[in-house]
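Visitor: Can you look at this prediction? I've put the sequence above it.
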Amino acid sequence: MATIQETTRPPRHLDDVPGWFPVLDQLLFDWFLSRQEAAGMRGDLLEVGVYMGKSAIFIGQHQRPAEKYTVCDLFEGEAPDDANRAESTKSYSALTRDVFEQNYRSFHDELPRVLQGPSSVVPSEVAADSCRFVHIDASHLYEHVHGDIGAAHDLLLQDGIVVLDDFRSEHTPGVSIAAWEAVLNRGLRPICLSTQKLYGTWGDPEPVQEELLAMAGERSDCHLSVQEAAGHRIIRLKSKGMRAPEFPPSKHAEAAEEPVPAPQEAPAPAPAAAPAPAPSRPAPRRNPSRARRVAVDLLPPVLTRAIRSARAARR
């Protein structure tokens, strides 16, 4: 997971965006949203609590023409109460709207509709019965989560999906109470549980559960179990070395990874011509008469006199 300090560097890949969005939940988000699209379901998208934008960027990949996508977060705004203010100061002090928007624009040409403020503003800004998918990952305080679940109930279409984050983390008991209260008393029907999130609907969970069981049963990287609790069938999923679904790289990655043409190598120099052999000097011509004179001088006197006498007679 990327760290907060890395936010000054433009993200090249989804994993470069700081945040908590496990691989299993990426798979499930993609599966639920793609299933809706394959079935021809039309509806808007909503995320409450975006942090640096990791899951929001992922959801935005599934926004289709004519669908609205809304996100809501306090960002650096004023919290509605002291408890929420303390929570924001402790956990989200580095979050600003500019950081979120820069991260989002790294992957998408257009921003979603951004509501800056507490999640209580959502019901007045998003139409009832308009959403097919709602992700709630804002305040962990019971009162706020209770209100966010109520808003999701009113905003979702029949068979729409709501996802509740941190429903069983040790530091978020308010989310756990609000989530299971909704299951026991407010008509929410759980579809499945991941390590971090509860996926549910106020429609009929059985058809989607059957498809989910078939999908997970074919995977070797997903541990699967089914339990019954309070009249609900609950599918539990856990990653076993699962890899994240493919997600397009950001614009920064495309620019950074654009192949640079290899420099053209200069043609190798032609081999130097072998130097022409130096002209051989003709062997010095000997002067035969001189040679003969020398030879005559070296002979015994008797022979020398005879030779000279013969020469004189020839002349």
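Guide: Cool, the structure landed. None of the values given here were measured: they were computed from a predicted structure. Numbering: from 1, shown residues only.
Visitor: Pull the contacting residues for the residue nearest to residue 68 when sequence neighbours are not counted.
Guide: Counting by C-beta to C-beta, 6 or more residues apart in numbering, residue 44 is the residue found nearest to residue 68 once chain neighbours are left out, at 4.3 Å. No exception for glycine: its C-beta is placed from N, CA and C like everyone else's. Counting by C-beta atoms under 8 Å, 6 or more residues apart in numbering, residue 44 touches 67, 68, 69, 70, 126, 127, 130, 131, 132.
Visitor: Please flag which of these sit within strands.
Guide: Mapping these onto strands (DSSP state E) picks out 69, 70, 131, 132.
Visitor: could I get these as JSON lines with neighbour count and distance to residue 60?
Guide: As requested, the ones in strands among the contacts of residue 44 are exported to JSON lines (neighbours: other C-beta atoms under 10 Å; distance: C-beta to C-beta, whole Å):
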{"residue": "69", "neighbour count": "22", "distance to residue 60": "6"}
{"residue": "70", "neighbour count": "20", "distance to residue 60": "11"}
{"residue": "131", "neighbour count": "25", "distance to residue 60": "14"}
{"residue": "132", "neighbour count": "23", "distance to residue 60": "14"}
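Visitor: Max pairwise distance over those residues: which two?
Guide: Farthest-apart pair in those is 70 and 132; separation 12.6 Å (C-beta to C-beta).
Visitor: Tell me the buried residues in the lengthiest strand in the chain?
Guide: Under DSSP E, the strand in the chain containing the largest number of residues is strand 156-165. For strand 156-165, burial by neighbour count (16 or more other C-beta atoms under 10 Å) applies to 156, 157, 159, 160, 161, 162, 163, 164, 165.
Visitor: Residue 199 is in contact with the fifth one, correct?
Guide: Just to be clear, that refers to residue 161. Yes: look at residue 161 against residue 199 with C-beta atoms under 8 Å: they come within range, at 6.3 Å.
Visitor: Run through this structure and note the low-pLDDT ranges.
Guide: 1-8, 77-94, 254-315 (pLDDT under 70).
Visitor: those strands in it, which residues are they?
Guide: 44-48, 69-73, 113-116, 131-136, 156-165, 189-193, 197-201, 222-229, 232-239.
Visitor: And the longest strand of the chain, what does it pack against?
Guide: Using 3 or more C-beta pairs under 8 Å, 6 or more residues apart in numbering; DSSP states H and E, the elements in contact with strand 156-165 are helix 23-38, strand 131-136, helix 142-155, helix 173-185, strand 197-201.
Visitor: Okay, angle between that strand and helix 142-155 too, please.
Guide: Put simply, strand 156-165 runs at 150 degrees to helix 142-155, going by axes from the mean of the first three to the mean of the last three C-alpha atoms, to 10 degrees.
Visitor: circling back: adding distance to residue 228, write the contacts of residue 44 out as CSV.
Guide: As requested, these are exported to CSV (distance: C-beta to C-beta, whole Å):
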residue, distance to residue 228
67, 36
68, 38
69, 36
70, 36
126, 34
127, 36
130, 33
131, 29
132, 28
